[in-house]
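Student: have a look at this prediction, sequence included:
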Amino acid sequence: MPSRRSRKKHTPRVLITGIAGNLGRAVARRLHRSTELLGIDRRPVQHMPRDINIEVVDIRRRRAEDIFRREKLDAVVHLNIMHDPRSSQQHHHDFNLGGTQKISRLCAEHNIPKLIVLSSANVYGPHPDNDQFLLEDAPLMGSQNFGGIRDLVALDMFCNTFFWRYPEIETVLLRPTHIVGRVHNAPTRYLRLDKPWMILGFDPMIQLVHVEDVVTAIELALRPGIRGIYNIAGPPPTPVSHLIERMGKKPQYYPELVARKVLQAAWRMKLSDWPAPELDHIKYVCMVDDTRARKELGYTHQHELESILFELRRPPAYTRRI
């Protein structure tokens with residue numbers, strides 16, 4: 001009988017979907033030293049550690065199923081969520097909800113012990129009637145005024161159903177606040193504008209979280225015994241105007257009606273990266289309480305506001321637009 005010293009410690013095998021994205025690459029860089037990583041994405045993957053096995057495949061295709069049949073996986077981290085506001089709602093629905101349903105079904109069929117899905121605190125939606133801090137059981141009202149994230153709300157609700165249908169799978173749903181840092185998304189682009197827009201008479205509190213802190217939450221969620229829904233936030237919230245001032249900039253103030261008309265026209269002419277409904281994020285509050293993640297996951301944010309803003313002050317690698 002082999003001695004305890006001769007027994008090899010099991011190295012978890014983790015599959016990351018959407019590994020070609022900025023967040024996927026950040027997760028891979030963090031986890032590849034402690035886990036055996038596999039990655040799938042329909043986009044080509046660059047600048048990745050050589051010890052990660054990567055396949056270029058759409059998660060909705062049959063080839064994705066072959067990976068589950070061939071590999072003995074301990075966990076799946078599902079990050080393959082589309083956030084392109086210019087794609088049609090039907091395309092979003094097919095890719096985001098259809099892809100998540102496919103990955104979840106494969107986890108159930110192949111007895112994968114752990115599934116982590118990245119959602120967003122935007123599913124709660126910015127509203128004037130919101131509580132100051134929203135808990136995980138708050139209603140998902142994000143698509144009420146912004147149909148562009150209807151698929152994200154549907155994805156989140158599907159995962160809630162999946163919890164009860166497959167209790168043997170440790171399913172974790174993470175809802176981070178506005179992710180900033182080395183990512184190409186609306187909050188990062190907004191704060192990097194030369195003169196960020198604001199709505200006259202409104203200055204809501206806002207929460208930011210650095211992309212590396214989101215990676216930390218994912219890493220903690222991979223531990224055995226963790227399951228459920230967790231809000232993920234970063235440093236204490238601050239008013240939008242304060243963020244802009246600390247970036248060394250002056251905001252442009254517009255009446256709401258004017259701002260919406262201008263954005264609608266700029267959107268139609270492809271001069272803007274934001275659809276008009278996103279103005280609600282600089283009008284109403286949508287803050288979350290992440291106490292549960294801090295208590296149950298042991299999550300703590302490492303990037304304070306000043307370090308986040310310092311990173312955002314660096315010149316972006318893309319053209320700034322409205």
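Tutor: Perfect, I can see it now.

Student: gap between residue 199 and residue 234?
Tutor: According to Cβ to Cβ, to the nearest Å, residue 199 stands 24 Å off from residue 234. Every C-beta, even on glycine, is put in place using the N, C-alpha and C of the backbone.

Student: mind listing what's buried along stretch 178-192?
Tutor: Within stretch 178-192, the residues that qualify as buried are 178-183, 185-192, counting by 16 or more other Cβ atoms under 10 Å.

Student: now do that stretch: distance to the chain's middle.
Tutor: Stretch 178-192 sits 12 Å away from the centroid of its parent chain (Cα atoms, centre = their mean, to the nearest Å).

Student: stretch 94-102 now?
Tutor: On Cα atoms, centre = their mean, the centre of stretch 94-102 falls 16 Å from that of its chain.

Student: thought residue 254 was touching residue 199?
Tutor: Yes. Between residue 254 and residue 199 there is a contact under Cβ atoms under 8 Å: 6.6 Å.

Student: and these two? Which one has more around it.
Tutor: residue 199 (22 against 17; other Cβ atoms under 10 Å).

Student: check contacts around the more buried one.
Tutor: Residues in contact with residue 199 (Cβ atoms under 8 Å, 6 or more residues apart in numbering) are 253-256, 259, 279, 282-283.

Student: out of those, which end up buried?
Tutor: Using 16+ other Cβ under 10 Å, the buried ones in the contacts of residue 199 are 254, 259, 279, 282-283.

Student: tell me which stretches of the stretch 51-200 of the chain form strands.
Tutor: With DSSP state E, counting those that start in this stretch as the criterion, the stretch 51-200 of the chain has strands at 53-56, 75-78, 114-118, 170-176, 178-180, 197-199.

Student: adding distance to residue 62 and mean pLDDT, write those strands out as a markdown table.
Tutor: Listed next are those as a markdown table, based on distance: least, Cβ to Cβ, whole Å; pLDDT from 0 to 100:
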| stretch | distance to residue 62 | mean pLDDT |
| --- | --- | --- |
| strand 53-56 | 13 | 90 |
| strand 75-78 | 17 | 97 |
| strand 114-118 | 20 | 97 |
| strand 170-176 | 24 | 97 |
| strand 178-180 | 32 | 94 |
| strand 197-199 | 45 | 94 |
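
Student: for residue 155, find the nearest of those.
Tutor: Closest to residue 155 of the strands of the stretch 51-200 of the chain, according to Cβ to Cβ: strand 114-118, at 7.6 Å.

Student: what pairs with that closest one, parallel or antiparallel?
Tutor: Strand 114-118 has its sheet partners listed here by DSSP bridges as strand 75-78 (parallel), strand 170-176 (parallel).

Student: got those strands as a markdown table, with distance to residue 212 and mean neighbour count columns?
Tutor: Shown next, in a markdown table, are the strands paired with strand 114-118 (distance: least, Cβ to Cβ, whole Å; neighbours: other Cβ atoms under 10 Å):
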| stretch | distance to residue 212 | mean neighbour count |
| --- | --- | --- |
| strand 75-78 | 15 | 25 |
| strand 170-176 | 12 | 24 |
